[in-house]
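*Asks:* Here is my input, please return the structure:
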Amino acid sequence: MPHQPRVHGKIIAKFQGLDYRNPALFHSAAARPTLAQALGLSLIMLSVHLVLWFAVRMRSGESWTGLLQHWDAGWYLIIATQGYDAASSAFPPLFPYLTRGLTQLFGLRGDTAVLITGTLFSVFCFAGSLKILMAGRGPDRLSWISWGALLALLWSPASYIFHSFHTESLFLLLSVLGFSALHRKQWWLAAVWAGLAALTRHQGVFLAIALAFGGMLTTRVLWKRLAIFAGMGLISGLLWGLAPLLHYWEGRGWFPAMGAHQSHWFIADGISSYFKTFILANPIQNFRIGSLLHHLFYGLWLLGTFLLVGRGRYAEALYCFLSLAIMPLQGELVDAFRFGAVLFPLLFALGEAWERLSRWAAWPMLGAYVLLNLVVTWQYAISRWAY
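*Replies:* Model prediction:
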């Protein structure tokens, strides 16, 4: 039976007109945030971020279009407007191609139009993810998103990524759709969503593996398990294989320099340097506050993964674990904020665990969590590392 919230009891009860002394209310949909409340909190998060970015604009004089194309966003804009070249071939094609297609569909032209269209597309994808999750068709169709889970998602350190020119919102939507289809035992549909996710971010390969593994767990018959795993893998793999075809269509050849460019991301050259990443012992690492915070949150993401295992959510746990296991290959954990933003199952597990804390521990923790989110959002706007 779900736990009765300790931290939010009276606050949420008064906010929703519930009797906090009645435990039955906390085990019903009435005690969980509604879609309108979730979208309202999302709008608050968006508004706060826009105010921060407006302050940066007033201080630096940078344009909105310049601000929105920092870091990887600039690469996706180049792909959407100019196509692939050797330097941009490491980035998957679905998001920039969809952005280009939507811009042309609305009869718009120019880099600014593509940038605005893609940014709005990200916002709608994020809203769509919330709608699916709040409708009870999400990763756990027998329960609802808790307040802690919602806060963990909305105020994760790099949540600005969901309303900028990045792939995360589209990837989040596809992964939510994938787990939703898995829990409805629609194997082929789950594999389709996973294949499209792999065309959005390389992390989608891990999503496909996890969903196929989850499909296997629904039956005890060996040949059915093998058939489900192989069939889902085939569908996802065929969709993922569209990437080189799209490159060929643009005249870039069958196999561009994708692998060569991705290899530059993986600095760890052996088992020793892989594990040295965790203790900040690689030459490229340092003990600055940013590095320590990235390590702290990487540890939190791992904790959320173990919480999923304890709850029997093995497919979700495998997806999160594989996503996290590849990070130390970079020889550092500087992308922990951004990686964690889309790993919604572990964020939900951590948010629900947060609800069990006493208010004296929970509220300061939430305050620090939101403060870090604001700092990272500010850093993105001023072109400091914010991933």
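*Asks:* any idea how far the residue positioned nearest the centre of the chain is from residue 195?
*Replies:* Centroid-nearest residue in the chain: residue 342, 1.2 Å away (criterion: Cα atoms, centre = their mean). Residue 342 is 17 Å from residue 195, where distance means Cβ to Cβ, to the nearest Å. Every residue, glycine included, has its C-beta placed from N, CA and C.
*Asks:* The residue nearest to the centre of the chain and residue 200 touch, don't they?
*Replies:* No: counting by Cβ atoms under 8 Å, residue 342 stays clear of residue 200, with 10.1 Å between them.
*Asks:* what residues are shared contacts of those two?
*Replies:* residue 171 (Cβ atoms under 8 Å, 6 or more residues apart in numbering).
*Asks:* Show the pLDDT at residue 47.
*Replies:* Per-residue pLDDT puts residue 47 at 96.
*Asks:* What is the subsequent helix or strand relative to the helix or strand it falls within?
*Replies:* Assigned by DSSP states H and E, residue 47 belongs to helix 35-60. Sequence-wise, the next helix or strand downstream of helix 35-60 (DSSP H and E) is helix 64-67.
*Asks:* continuing past that next one, what's the next helix or strand?
*Replies:* The first helix or strand that comes after helix 64-67 along the chain, using DSSP H and E, is helix 72-82.
*Asks:* Which strands or helices does that following helix pack on?
*Replies:* Counting contacts by 3 or more Cβ pairs under 8 Å, 6 or more residues apart in numbering; DSSP states H and E, helix 72-82 is packed against helix 94-105, helix 111-132.
*Asks:* Of those helices, which is nearest residue 245?
*Replies:* Residue 245 lies closest, by Cβ to Cβ, to one member of the helices and strands packed on helix 72-82: helix 94-105, at 11.8 Å.
*Asks:* Using CSV, write out every CA atom in the closest one.
*Replies:* What follows is helix 94-105, C-alpha atoms only, in CSV (Å, rounded to 0.1, in the frame of the first residue of the first chain):
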residue,chain,number,x,y,z
LEU,A,94,15.6,12.9,-35.8
PHE,A,95,15.4,16.1,-33.8
PRO,A,96,17.0,18.4,-36.4
TYR,A,97,15.2,16.8,-39.3
LEU,A,98,11.8,17.1,-37.5
THR,A,99,12.6,20.7,-36.7
ARG,A,100,13.5,21.4,-40.3
GLY,A,101,10.3,19.7,-41.5
LEU,A,102,8.0,21.5,-39.1
THR,A,103,9.6,24.9,-40.1
GLN,A,104,9.0,24.2,-43.8
LEU,A,105,5.5,22.9,-43.0
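*Asks:* Report the buried residues of that helix.
*Replies:* 94-100, 102-103 (16 or more other Cβ atoms under 10 Å).
*Asks:* Now tell me what touches that helix from outside.
*Replies:* The contact list for helix 94-105 (Cβ under 8 Å, 6+ apart) reads 76-77, 79-81, 109, 113-114, 117-118, 121, 165-167, 170, 196, 199-200, 246.
*Asks:* Low-confidence stretches in the stretch 1-150 of the chain?
*Replies:* 1-31, 136-144 (pLDDT under 70).
*Asks:* Can you give me the end-to-end span of stretch 56-64?
*Replies:* Taking Cα to Cα, to the nearest Å, stretch 56-64 runs 10 Å from one end to the other.
*Asks:* my guess is residue 114 contacts residue 79, does it?
*Replies:* No: using Cβ under 8 Å, residue 114 is not in contact with residue 79, being 10.0 Å away.
*Asks:* Helix, strand or coil: sort out residue 384 for me.
*Replies:* For residue 384, the assignment made with DSSP: H, G, I helix; E, B strand; the rest coil gives coil.
*Asks:* Any idea how many residues pack against it?
*Replies:* For residue 384, the neighbour count with other Cβ atoms under 10 Å is 13.
*Asks:* where does it fall, phi/psi-wise?
*Replies:* phi -90, psi 160 (degrees, to the nearest 10).
*Asks:* so how far is residue 45 from it?
*Replies:* For residue 384, the distance to residue 45 - Cβ to Cβ - is 20 Å.
*Asks:* Over to residue 191?
*Replies:* Counting by Cβ to Cβ, the gap from residue 191 to residue 45 is 32 Å.
*Asks:* what does residue 232 give?
*Replies:* For residue 232, the distance to residue 45 - Cβ to Cβ - is 34 Å.
*Asks:* Comparing those two, which residue is more hemmed in?
*Replies:* More neighbours surround residue 232 than the other of residue 232 and residue 45, with 27 against 21 (other Cβ under 10 Å).
*Asks:* on that earlier part again, please tabulate the helices and strands packed on helix 72-82 in CSV and include distance to residue 292 as additional columns.
*Replies:* Output for the helices and strands packed on helix 72-82, formatted as CSV (distance: least, Cβ to Cβ, whole Å):
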stretch, distance to residue 292
helix 94-105, 32
helix 111-132, 29
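*Asks:* For residue 73, see how far away the residue nearest to residue 117 when sequence neighbours are not counted is.
*Replies:* Nearest in space to residue 117, with sequence neighbours left out and distances taken as Cβ to Cβ, 6 or more residues apart in numbering, is residue 103 at 4.6 Å. The gap separating residue 103 from residue 73 is 15 Å, by Cβ to Cβ.
*Asks:* Run a quick check on residue 189 versus residue 174, I expect a contact.
*Replies:* No: the criterion here is Cβ under 8 Å, and residue 189 misses it with residue 174 at 11.4 Å.
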